[in-house]
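Visitor: the sequence and its predicted three-dimensional model are supplied below.
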Amino acid sequence: MTDAEPKPKIPVRKSGVVVPHEPTFWQRVGAWILVSMARTLTLTLRYKWNDRTGFLENPPADPIIFCFWHNRILLCPDVYRVYLRRQKKAKVAAIASASRDGAFLSAILERFNIQPVRGSSYKRGPQAMLELKSWAERGYNLALAPDGPRGPCYHVYDGVISLAQLTGHPIVPFGFYARRKIVIKSWDRFQIPLPFSLCEMNSAKPIHVPRDASDENREKIRKQLEETLNEISRD
C-alpha cells in the first residue's frame with residue numbers, strides 16, 4: 001500500500017459496551033399499526049380473572065415483578081390496564097432486546113405507555129438489570145418474560161431470579177389461556193387470541209427471593225417459578 005492510498009477503516013468496539021438499536025421511522029409506524037390492531041382485538045375478548053394473589057383488588061404499595069411466558073406478551077398490557085384501575089399511580093418498565101428486533105418491541109412498549117429497558121441475557125444483560133433496578137427505585141413495577149428473547153420456550157432463565165434478589169421485590173407469575181387462538185410457528189409458539197374468544201387470566205402467589213439466597217436456593221426458586229408458570233399457562 002502506498003502513502004497515497006487511503007488506509008482501511010477498522011471498526012472499534014468501545015470498552016465492550018453494546019449500544020441498543022433505536023427504533024426506525026418505519027418501525028414506529030409499524031408499532032402504531034400493531035398496537036391499534038391489538039387494542040381493537042382485545043376490546044372483543046371476554047375475560048375470566050382468577051386472581052389468586054388478590055393484588056388486583058388490593059395492590060401493594062411497593063413495586064412487583066410481573067412474570068409471564070414470552071408467547072403471552074400480547075395480553076400483558078390488559079393486565080397492566082386492569083392494575084392501573086386499582087393503583088392509579090402505577091407505572092411499568094419492561095425489558096426489550098438491544099437488537100434491531102428489540103427496537104421494534106421498544107416502540108410497541110412505548111405505545112402502551114410502558115417504559116422500555118434495552119437488554120437481554122445475550123446483550124447488555126448486567127446493564128439492563130441495573131437499569132431495571134433503577135426504575136424500581138423510582139416506583140415502577142417491572143415486567144419480564146423469563147424465557148426470552150430466544151428460548152427455549154417455557155424455560156425460566158435465572159435473570160428474573162437475580163432481579164428479584166437484587167431489588168427485593170416479589171415475582172408475581174401470570175398465565176393466560178385463550179380457548180380460541182392462532183399459534184404462530186416461532187420459537188416461542190406465539191399466541192394470538194381470536195376475536196370474541198374467552199381468555200382466562202390467571203395469577204399465582206408472589207415468589208420472594210431472599211437477598212442472601214444461595215445458588216442451591218436460587219435454583220429451587222427458579223424451578224418453582226417454571227412449574228407455576230406452566231400450571232397457570234396451559235396451552
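Guide: Structure received.
Visitor: dihedrals phi and psi, the most centrally placed residue in the chain?
Guide: Centroid-nearest residue in the chain, with C-alpha atoms, centre = their mean: Leu144, separated by 3.2 Å. The phi and psi values for Leu144, taken as degrees, to the nearest 10, are phi -150, psi 130.
Visitor: chain neighbours aside, what residue packs nearest to Asp51?
Guide: Nearest residue to Asp51 in three dimensions, chain neighbours excluded: Ser203, at 5.3 Å (C-beta to C-beta, 6 or more residues apart in numbering). Bear in mind the C-beta positions are built from the backbone N, C-alpha and C, glycine included.
Visitor: contact partners for the one you found?
Guide: Residues in contact with Ser203 (C-beta atoms under 8 Å, 6 or more residues apart in numbering) are 50-53, 55-56, 172-175, 232.
Visitor: again, only this time at 7 Å
Guide: Contact criterion C-beta atoms under 7 Å, 6 or more residues apart in numbering gives 51-53, 172-174 as the residues in contact with Ser203.
Visitor: and the residue nearest to the residue nearest to the centre of the chain when sequence neighbours are not counted, how many neighbours?
Guide: Among residues not flanking Leu144 along the chain, Val160 sits closest, at 5.0 Å (C-beta to C-beta, 6+ apart). Around Val160 there are 24 other residues, counting by other C-beta atoms under 10 Å.
Visitor: which of the helices or strands spans Val160?
Guide: Take DSSP states H and E as the rule and Val160 turns out to sit in helix 159-167.
Visitor: distance from the chain centre to the next helix-or-strand element following that helix, please.
Guide: Once helix 159-167 ends, the next helix or strand along the chain (criterion: DSSP H and E) is strand 171-178. Taking C-alpha atoms, centre = their mean, to the nearest Å, one finds strand 171-178 lying 12 Å from the centre of the chain it belongs to.
Visitor: could you dump the longest helix anywhere in the chain to CSV, C-alpha only?
Guide: In the chain, with assignment by DSSP state H, the single longest helix is helix 25-44. This file holds the C-alpha atoms of helix 25-44, laid out as CSV (Å, rounded to 0.1, in the frame of the first residue of the first chain):
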residue,chain,number,x,y,z
PHE,A,25,-39.3,5.6,11.5
TRP,A,26,-40.9,2.6,9.8
GLN,A,27,-40.7,0.5,13.0
ARG,A,28,-42.5,3.3,14.8
VAL,A,29,-45.2,3.3,12.1
GLY,A,30,-45.5,-0.5,12.3
ALA,A,31,-45.7,-0.3,16.1
TRP,A,32,-48.6,2.2,15.8
ILE,A,33,-50.4,-0.1,13.4
LEU,A,34,-49.9,-3.2,15.5
VAL,A,35,-50.9,-1.6,18.8
SER,A,36,-54.0,-0.2,17.2
MET,A,37,-54.9,-3.7,15.9
ALA,A,38,-54.1,-5.3,19.3
ARG,A,39,-56.3,-2.8,21.2
THR,A,40,-59.1,-3.4,18.7
LEU,A,41,-58.8,-7.2,19.2
THR,A,42,-58.7,-7.0,23.0
LEU,A,43,-61.9,-5.0,23.0
THR,A,44,-63.7,-8.0,21.6
